[in-house]
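> 3D, please:
(2 chains)
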Amino acid sequence: MDDILLLEAIERYLSGDMTETEKDYFEKLRRDTPEVDQMVVEHLMLQHQLEAYATRRNIRHQLLETHAQLLQTGEINEGGPVSKKAQIIQLFHRYKKVTAIAASVGGIIALFISGLALYFSSSVTDPKLEQLGRDLEAVKQKQKVQGSIINEVKTKIPQNARFLSGGSGFLVESNGLLVTNAHILRGTGAVVVNNKGEEFKASIVYIDHERDLALLQIKDEEFSALKFLPYTVKKSNANLGEEVFTLGYPRNEIVYGMGYLSAKSGFNGDTMSYQVQISAHPGNSGGPVFNRNGDIIGVLSTRQAQVEGITFVVKSANILRLVAALKVADSTYQDLKLPTKSALNGLNRESQIQKLEDCVFYVKAYGK
Amino acid sequence: MRGEYPEQALLKGLANNDSKAVETLYKEHFGMVQHFVLNNNGSYEEARDIFQEAMIALYEKAQSDNFVLTCQIKTYVYSICRRLWLKRLQQLGKFSQPMDGFDEVVAVEEDLEAHEKRNADFAIMDRALNSLGEPCKGLLEGYYLKKMDMNSLAKDFGYTNADNAKNQKYKCLMRLKKLFFAQYNIGE
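Now for the predicted structure:
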């Protein structure tokens, strides 16, 4: 009972309802009795807490009411039964990200498919076959990507000529005789670029469209002949299953690829070429195909369209025939001797490539 | 959208529970927060809770004596919501990727800390009141929260006179005090 009286007094004191004399008396009581003082402090705290509680409850209530009211007037919505238009906007907001992702994925696929279509629609006599020369568009694109337009400015292609197509080629004679594919050489002349990016003028000395082979002679003072070529050109046929590798320029940089000989004849039983399982791209055309020992077994030339990895390689014996024909046709080549020394036998692949790199060139054909 | 009320006036209105101000603030900022929560793994309900929580934090800030808002209301509300939602996601273990949205964010850690302290106090009081049972709870609520006078409370609850009701109220208050401080001090 005392407590209740005291509590009442505290409440009256705190709310300022006491008379002056009452207040004086109560304050004296507070000072003299720590328990009463403590009770006042506690009560004050509790009152504050109760007020805060009340305030919080009110604003909560008010917010919930406002929410409900705005929902009803449609000024906000929560995906419930609202107008169709509002629903669509909600859905759009909700799935905006997903839609964007889906759209971009779609875009990529579309680009990819059209890219494929473009890729496989390049003109070849047999639609199932694809020549692996790089034509102008592809090359242009790559140059843009790689930012190598500066190279083109400094190019040795005559100013009034246009860069028509590109591919790979390799030396068969250390002072600058190169073998490449005939189909690369669409124009009137060519420049060749080595793996260090140095360009040399070259001229077509022999071209055999039937074998799809051609011989280019580097005619440039800046070209210094190699001491020797580390490989031979094989006369005999390569064996089925033999491991092969290639170096070429599907990009402006030399690229290595590896595979195996998968058939002794080429497309539709063509005995002049092999079928090789290797990944090849436009620009690999004219590139050398080496066996395990680093000797040349052929010239990479075409691939089967729409089948990844099936590539056709002109047999190296054809190079020999070509060179023989050149000797007959041009007396300046009478004394031409093909390399006879296999210097790469037994070396590991990296060392082989290091020595071979200098012998493989990027061929750029130009015309008017 | 704005212009009807300058931001300061809006906040003053909010602090005084002015329904027009509350409505205006709600309309202006709810959409942004809802969008943000929905886009970050949340539901409509969660969006509502987060937004209302932020509004309460803003309300409390607006009510405090030393109140200053150094940024736009929008930025403040967004910052609070972002922080709250991140926390909620972390608690649920749903948090996976960085959140998208408006870049402008202000530091709200201190305000949120104060807000969370108040949340805790509120929860303790709520529990204490609810464990009192009737008629204690009703009496105390009527007197302290709704500020009703003793006579009408006595009438409502059926006491024969106001003095008896008052007496009862004090008994209830003592019980509440016990319950509240027991929890409150543990909470500290």
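
> Need the residue closest to the centroid of chain B.
Centroid-nearest residue in chain B, with C-alpha atoms, centre = their mean: B:I56, separated by 4.4 Å.

> Surely B:V77 touches B:M55?
Yes. Using C-beta atoms under 8 Å, B:V77 makes contact with B:M55 at a distance of 7.5 Å. (Each C-beta comes from the backbone N, C-alpha and C, glycine too.)

> if we can go back for a sec, which helix or strand contains the residue nearest to the centre of chain B?
helix B:44-63 (DSSP states H and E).

> mind listing what's buried in that helix?
Using 16 or more other C-beta atoms under 10 Å in any protein chain shown as the test for burial, helix B:44-63 gives B:44, B:46-62.

> How about the residue nearest to the centre of chain B: what's its closest non-neighbour residue?
Among residues not flanking B:I56 along the chain, A:I59 sits closest, at 5.8 Å (C-beta to C-beta, 6 or more residues apart in numbering or on different chains).

> Could you list the buried residues of the host helix or strand of the one you found?
According to DSSP H and E, A:I59 maps onto helix A:34-73. Neighbour-count burial for helix A:34-73, counted by 16+ other C-beta under 10 Å, picks out A:36, A:39-40, A:43, A:46-47, A:49-50, A:53-56, A:59-60, A:62-63, A:66-67, A:70.

> and that helix, what other elements does it pack with?
Here helix A:34-73 is seen to pack against helix A:2-14, helix A:20-32, helix B:19-38, helix B:44-63, helix B:109-132, helix B:162-187 when contacts are counted using 3 or more C-beta pairs under 8 Å, 6 or more residues apart in numbering or on different chains; DSSP states H and E.

> a markdown table for those, including distance to B:I73 and mean pLDDT?
Shown next, in a markdown table, are the helices and strands packed on helix A:34-73 (distance: least, C-beta to C-beta, whole Å; pLDDT from 0 to 100):
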| stretch | distance to B:I73 | mean pLDDT |
| --- | --- | --- |
| helix A:2-14 | 36 | 81 |
| helix A:20-32 | 44 | 84 |
| helix B:19-38 | 7 | 87 |
| helix B:44-63 | 7 | 88 |
| helix B:109-132 | 13 | 86 |
| helix B:162-187 | 31 | 83 |
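
> For A:N195, find the nearest of those helices.
helix B:19-38 (54.9 Å; C-beta to C-beta).

> Tell me if that closest one is near chain A.
Yes. Residues of helix B:19-38 contacting chain A under C-beta under 8 Å from any C-beta of the partner chain: B:S19, B:V22, B:E23, B:Y26, B:K27, B:F30, B:G31, B:Q34, B:H35, B:L38.

> Could I get the contacting residues of A:S351?
A:L344 (C-beta atoms under 8 Å, 6 or more residues apart in numbering or on different chains).

> quick one: pLDDT of it?
Looking at A:S351, its pLDDT is 90.

> Next SSE downstream of the helix or strand hosting it?
Per DSSP H and E: A:S351 is located in helix A:349-356. Next along the chain after helix A:349-356, taking DSSP H and E as the criterion, comes strand A:360-367.

> buried residues in the longest strand seen in chain A?
In chain A, taking DSSP state E as the definition, the longest strand is strand A:162-173. By neighbour count on 16+ other C-beta under 10 Å, the buried set for strand A:162-173 is A:F163, A:L164, A:S165, A:G166, A:G167, A:S168, A:G169, A:F170, A:L171, A:V172, A:E173.

> same for the first helix or strand past it going along the chain, what does it pack against?
Using DSSP H and E, the next helix or strand after strand A:162-173 towards the C-terminus is strand A:177-181. With contacts taken as 3+ C-beta pairs under 8 Å, 6+ apart, strand A:177-181 sits against strand A:162-173, strand A:213-218, strand A:296-304, strand A:360-367.

> re the thing from before, just want the angle from the helix holding A:I59 to helix B:109-132.
The directions of helix A:34-73 and helix B:109-132 differ by 100 degrees, with axes from the mean of the first three to the mean of the last three C-alpha atoms, to 10 degrees as the criterion.

> Could you pull up the mean pLDDT of helix A:34-73?
Across helix A:34-73, pLDDT averages out at 86.

> next one: that helix to chain centre, how far?
Centre-to-centre, helix A:34-73 and its host chain are 62 Å apart (C-alpha atoms, centre = their mean, to the nearest Å).

> residues making contact with stretch A:316-332?
Residues contacting stretch A:316-332 (C-beta under 8 Å, 6+ apart): A:172, A:179, A:205-206, A:208, A:211, A:213, A:215, A:233-237, A:272, A:296-299, A:333-334, A:336, A:338.

> can we see that at 7 Å?
A:172, A:179, A:205-206, A:208, A:211, A:213, A:215, A:233-235, A:272, A:296-299, A:333-334, A:336, A:338 (C-beta atoms under 7 Å, 6 or more residues apart in numbering or on different chains).

> And that stretch, what's buried?
A:S316, A:A317, A:N318, A:I319, A:L322, A:V323, A:L326.

> Checking A:L240 next. Helix, strand or coil?
coil (DSSP: H, G, I helix; E, B strand; the rest coil).

> so how far is A:Y274 from it?
9 Å (C-beta to C-beta, to the nearest Å).

> Between these two, which contacts overlap?
Shared contacts of A:L240 and A:Y274 (C-beta under 7 Å, 6+ apart): A:L261, A:K264.

> What are the neighbouring residues in contact with the spatially closest residue to B:N161 that is not a sequence neighbour?
Excluding its sequence neighbours, the residue lying closest to B:N161 (C-beta to C-beta, 6+ apart) is B:A154, at 6.2 Å. Counting by C-beta under 7 Å, 6+ apart, B:A154 makes contact with B:N161, B:A162, B:N164, B:A165.

> Could you do A:Y274 as well?
A:A238, A:L261, A:A263, A:K264, A:G266, A:G298, A:V313, A:K315.

> If you rank those by neighbours, which is first?
A:G298 (30 neighbours; other C-beta atoms under 10 Å in any protein chain shown).

> Who are the contact partners of that one?
Taking C-beta under 7 Å, 6+ apart as the test, what A:G298 contacts is A:Y274, A:V289, A:V313, A:V314, A:K315, A:S316.

> where's the first one, which helix or strand?
The one in question is A:Y274. Judged by DSSP H and E, A:Y274 forms part of strand A:273-277.

> What residues sit buried inside that strand?
Buried-residue list, strand A:273-277, by 16+ other C-beta under 10 Å: A:S273, A:Y274, A:Q275, A:V276.

> Please identify the helix or strand for A:P339.
Counting by DSSP H and E, A:P339 is found in no helix or strand.

> Could you tell me which residues make contact with A:V289?
Counted by C-beta under 7 Å, 6+ apart, A:V289 has contacts A:V244, A:T246, A:V276, A:I297, A:G298, A:V299, A:L300, A:V313.

> Quick check on it: phi, psi?
Backbone torsions for A:V289, taken as degrees, to the nearest 10, come to phi -120, psi 120.
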